[in-house]
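Novice: turn this into a structure:
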Amino acid sequence: MTPTPLQLDPAHLSQLHLRAAGVSLLLDITEGELPAVIHWGADLGPTSADEATTLALGHIQHIAINDQERPTRMNLLATHEAGWHGRPAIDGGRVNGAGWTTKLKITGITATLEGAEQTENLLSGGAGTLEFTTVDTDAGVSVTIILELFPSGLIRSRATLTNIGQGAYEVRELGIVYPLPSNARELFDLAGHWGKERVPQRMPLTVGAHLRESRKGRTGADAATLLTAGVPGFGFESGEVWGVHTAFSGNHRSWAERAYTGVAVIGGSEVLLPGEAVLEEGESYTGVWVYAAYGDGQDAQAARIHRWLRSREIHPQRQRPVTLNVWEAVYFDHNLDRLKDLADKAAELGIERYVLDDGWFGSRRDDTSGLGDWTVSPDMWPNGLTPIIEHVENLGMEFGLWFEPEMVNPDSDVARDHPEWIMAPAGRQPVTIRSQQVMNLTIPDAYAHVRDQMVAVLTENPGIKYIKWDHNRHLVEAGNPATGAPGVHAQTLAAYHLMEEIKENFPGLEIEACASGGARVDLEVLQRTDRVWTSDCIDPLERQQMHRYTQQLIVPELMGSHIASGSSHTTGRTHTLHFRAATAFWGHLGVEWDLTEASSEEFAELAEWIAFHKKHRALLHSGDIVRMDLFDKAVGVHGVVSADRREALFGINQLDFAETNPVGKFRLGGLDPETIYEIRDVTPGHADAHTGFRPSPVWPTGQPIRVSGRALASAGLFLPGLWPETSRILHLAAL
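Specialist: Alright, predicted model coming up:
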């Protein structure tokens with residue numbers, strides 16, 4: 001039951017304290033000032049009004065400068081009028097310069113909280129939503145701030161600015177910042193590039209700003225993903241961390257800043273290009289959601305996000321179907337007999353979804369032509385897609401199809417007929433990337449053209465249950481040539497709307513977000529899609545790292561994870577089927593391999609891995625992620641533990657030659673310390689001859705072993721002898 005909204009009087013309220021899942025969010029609104037976060041992190045327990053007031057007073061920093069004492073009070077918008085002199089989260093003004101700084105005061109508060117109680121000047125509650133209405137009549141603006149604490153302990157907030165004055169007002173930035181405690185002195189975020197997404201990087205939080213911006217019109221393969229500050233030396237298992245995720249698939253930024261005064265903040269916002277948010281009187285601009293996740297260790301931090309993702313009504317409820325994508329098997333060679341043969345083999349393996357990738361439409365025989373003409377090619381498919389769809393359905397699988405709705409080849413019918421639909425600055429074309437330009441979805445006719453062609457294909461082929469939605473080009477100089485104005489903001493919202501409209505028209509249709517691989521992985525696109533493609537690189541050695549850090553933000557069932565061919569198409573490395581499957585097993589499993597080239601032995605082993613995944617996917621896609629901190633860079637240990645901690649699976653991965661032989665003991669975390677677990681080695685296949693597997697003296701080969709969760713977390717077990725790039729999988733069951 002949703003709690004009843006409460007209308008609060010800011011004149012009779014000073015602090016608000018929300019608590020959920022071991023997290024406290026304590027806010028100060030004394031004298032109607034903009035909300036200031038006094039504390040977000042470990043649960044403070046029940047707090048009295050006197051305690052809250054004391055903590056609020058301690059939040060105000062008094063700095064002696066030239067014998068003048070100046071108070072600094074950090075609020076959610078990091079405004080300068082509050083004494084902060086660093087990077088603000090709100091920036092804007094009128095053409096004549098008026099309104100460039102604001103003094104916003106709270107005029108109303110709506111609270112929708114579990115178990116809300118007001119005593120004296122303090123409102124206490126559980127999870128729920130706070131909405132603050134603030135106004136500065138002199139600047140002619142009002143700002144509404146929404147702040148939510150979810151039952152998982154995850155926080156998110158965003159602001160909406162409305163022009164209530166005369167004349168146009170340009171918003172240049174509108175974000176959210178959260179304060180950092182004094183002991184959060186180390187930063188962690190991710191970098192990367194095409195084919196090597198989610199590369200971890202760590203650095204001290206020194207005086208100054210650490211700024212991560214994407215100006216590519218998409219989230220980015222190099223996105224910070226989750227910018228985290230923590231106590232020095234924090235890891236997956238322990239160490240307090242405070243992190244933010246800026247949830248937007250267009251231009252955006254995340255930053256952490258520490259002033260010479262010791263005040264530190266972390267925040268995010270959309271990157272607005274000139275003129276993208278010019279508001280006439282009465283118009284509004286809404287900033288992006290900025291999620292804030294606290295944890296004692298990065299696993300605890302990730303768990304808050306994961307539990308929220310799984311709590312959403314739109315989260316996929318049915319078991320994630322094992323998928324075959326034919327891209328690396330056939331590329332643009334759409335031979336019906338060959339595609340049917342792949343479908344036959346997929347069905348024999350127990351695969352449940354078959355996806356036809358790029359090359360089915362227009363003049364698309366390679367990646368230089370036809371993009372934007374979303375009609376089935378009569379040359380490649382003289383009888384339409386019906387023959388392959390019916391063949392796939394008759395085999396008991398569902399059918400999926402690739403689109404790239406936001407892009408266009410200059411060599412296409414639509415680009416020749418409507419060059420004005422290509423995003424560009426006035427008077428010239430932007431640089432061509434991958435033989436592509438960007439279709440301007442902000443033009444109503446262009447949007448309707450793309451939507452109507454997609455709708456026609458999906459209507460004529462009701463067997464299509466899944467779309468792989470790609471986005472292979474940066475939005476460089478993406479503007480409206482008729483006006484010369486930039487258009488990344490509007491284009492991003494138009495892409496979101498198109499996804500929503502397609503889903504509304506075709507209930508049950510699933511969408512995968514792909515962008516040159518993993519360049520559109522964020523929590524906002526996942527409000528409209530059902531999984532992301534982690535990377536175009538399916539090399540299992542690279543994927544070990546990608547999976548480890550992609551899961552800092554998203555759950556395994558939303559992470560596309562495929563078994564590729566023996567020789568990687570992106571790195572040229574060769575790996576055994578054992579290691580390829582043992583890596584892909586942990587996500588939303590798929591296959592991207594020419595199955596006609598598989599030997600009978602490989603085919604049998606692949607079938608065993610697929611059956612093994614199906615047997616355990618209920619646990620894999622519902623349990624808590626556990627990633628053990630590395631005791632040796634050559635060894636990775638990770639797993640999934642059920643919510644009741646009665647069952648678990650762990651992967652022991654030898655990634656390289658170790659510096660010592662034997663390597664030593666590994667530990668397993670996330671278990672109930674008082675429970676005795678029966679442990680079995682359940683690694684599929686007959687890999688021992690191919691992996692150099694030499695069990696340690698105590699290893700569950702043949703007969704299981706029984707060890708307590710406490711002993712596994714503290715003492716551990718000796719690592720078996722393994723060749724590099726091999727794995728073992730352990731199953732733990734409570735006795």
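Novice: identify the residues contacting the residue nearest to Ser363 when sequence neighbours are not counted.
Specialist: Of all residues beyond its chain neighbours, the one nearest Ser363 is Gly370 (4.0 Å), with distances taken as Cβ to Cβ, 6 or more residues apart in numbering. Every C-beta, even on glycine, is put in place using the N, C-alpha and C of the backbone. Neighbouring residues of Gly370 by Cβ atoms under 8 Å, 6 or more residues apart in numbering: 361-364, 377, 409, 411-412.
Novice: make it 6 Å
Specialist: Shown here is Gly370, whose contacts under the criterion Cβ atoms under 6 Å, 6 or more residues apart in numbering are 362-364, 412.
Novice: which SS state does it fall under?
Specialist: Reducing the assignment to helix, strand or coil with DSSP: H, G, I helix; E, B strand; the rest coil, the entry for Gly370 is coil.
Novice: my guess is Ala634 meets Asp656, correct?
Specialist: Yes. Applying Cβ atoms under 6 Å as the test, Ala634 and Asp656 come out as touching, 4.2 Å apart.
Novice: the more surrounded of the two?
Specialist: Between Ala634 and Asp656, counted using other Cβ atoms under 10 Å, the more crowded position is Ala634 (18 against 13).
Novice: ok, now which ones touch that one?
Specialist: Applying Cβ under 6 Å, 6+ apart, one finds that Ala634 lies in contact with 655-656, 658.
Novice: any low-confidence regions in the stretch 1-150 of the chain?
Specialist: Along the stretch 1-150 of the chain, the model assigns pLDDT under 70 to residues 1, 61-70.
Novice: farthest pair within the contacts of Gly370?
Specialist: Between any two of those, the greatest separation by Cβ to Cβ is 8.8 Å, found for Arg364 and Ser412.
Novice: re the thing from before, and the residue nearest to Ser363, how far from Asn409?
Specialist: Separation of Gly370 from Asn409 (Cβ to Cβ, to the nearest Å) stands at 6 Å.
Novice: against Tyr466, how distant is the residue nearest to Ser363?
Specialist: 22 Å.
Novice: neighbours of the closest residue in space to Gly692 that isn't next to it in sequence, just the number please.
Specialist: On the basis of Cβ to Cβ, 6+ apart, the spatially nearest residue to Gly692 that is not a chain neighbour turns out to be Trp723, at 3.8 Å. Each residue near Trp723 was counted by other Cβ under 10 Å, and the total is 15.
Novice: quickly note the distance from Trp723 to Asn653.
Specialist: Here the distance between Trp723 and Asn653 works out to 12 Å (Cβ to Cβ).
Novice: swap in Ala643?
Specialist: Taken as Cβ to Cβ, the spacing of Ala643 relative to Asn653 amounts to 24 Å.
Novice: do Arg694 as well
Specialist: Separation of Arg694 from Asn653 (Cβ to Cβ) stands at 16 Å.
Novice: looking at the two, which is more packed in?
Specialist: Asn653 (24 against 12).
Novice: can you tell me the SS state at the more buried one?
Specialist: Recorded secondary structure, Asn653: strand (three-state DSSP).
Novice: the one 5 residues further on too?
Specialist: Here Ala658 takes the coil state, with states given by three-state DSSP.
Novice: excluding its backbone neighbours, what's nearest Leu55?
Specialist: Take Leu55 and drop its neighbours on the chain: the residue closest to it by Cβ to Cβ, 6+ apart is Ile38, 5.1 Å away.
Novice: am I right that that neighbour is in a helix?
Specialist: No. Residue state for Ile38 (three-state DSSP) corresponds to strand; a helix is not indicated.
Novice: list the contacts for it?
Specialist: Under the contact definition (Cβ under 6 Å, 6+ apart), the residues listed for Ile38 are 26, 28, 55-56, 59.
Novice: how about Phe666?
Specialist: Neighbouring residues of Phe666 by Cβ under 6 Å, 6+ apart: 637, 716, 719.
Novice: the same query, at a cut-off of 8 Å, please.
Specialist: Each residue near Phe666 by Cβ under 8 Å, 6+ apart is listed here: 628, 631, 635, 637, 652, 716-717, 719.
Novice: repeat for Arg706
Specialist: Arg706 makes contact with 676-679, 735, according to Cβ under 8 Å, 6+ apart.
Novice: can you give me phi and psi for Trp100?
Specialist: With angles defined as degrees, to the nearest 10, Trp100 shows backbone torsions of phi -70, psi -20.
Novice: what about the closest residue to it other than its chain neighbours, is that helix, strand or coil?
Specialist: In space, and not counting its chain neighbours, Trp100 is closest to Gly93: 3.8 Å by Cβ to Cβ, 6+ apart. When classified by three-state DSSP, Gly93 comes out as strand.
Novice: kindly report the same for Ala343.
Specialist: Three-state assignment for Ala343 (three-state DSSP): helix.
Novice: wait, it touches Glu390, no?
Specialist: No. Distance between Ala343 and Glu390: 10.5 Å, which falls outside the contact criterion (Cβ atoms under 8 Å).
Novice: where does this protein have low pLDDT?
Specialist: With pLDDT under 70 as the threshold, the chain has low-confidence stretches at 1, 61-70, 686-690.
Novice: need the contact list for Asn163.
Specialist: With contact set as Cβ under 8 Å, 6+ apart, Asn163 has these partners: 140-141, 169, 279-284.
Novice: same for the biggest helix by length in the chain, what does it pack against?
Specialist: Longest helix in the chain by number of residues, with DSSP state H as the criterion: helix 600-620. Packing contacts for helix 600-620, counted by 3 or more Cβ pairs under 8 Å, 6 or more residues apart in numbering; DSSP states H and E, involve helix 336-349, helix 577-584, strand 588-592, strand 647-654.
Novice: for the longest one, what is the distance to the chain centroid?
Specialist: Mean-position distance between helix 336-349 and its chain equals 33 Å (Cα atoms, centre = their mean, to the nearest Å).
Novice: sorry, back to before: show me which of the contacts of Arg706 are buried.
Specialist: For the contacts of Arg706, burial is judged from neighbour counts taken by 16 or more other Cβ atoms under 10 Å, and it is met by 677, 679.
Novice: leaving out the residues flanking it, which one is nearest to the one residue sitting closest to the centre of the chain?
Specialist: Closest residue to the average C-alpha location of the chain: Asp522 at 3.4 Å, with Cα atoms, centre = their mean. Setting aside the residues directly before and after it, Asp522 is nearest to Thr219 in space (Cβ to Cβ, 6+ apart), at 4.7 Å.
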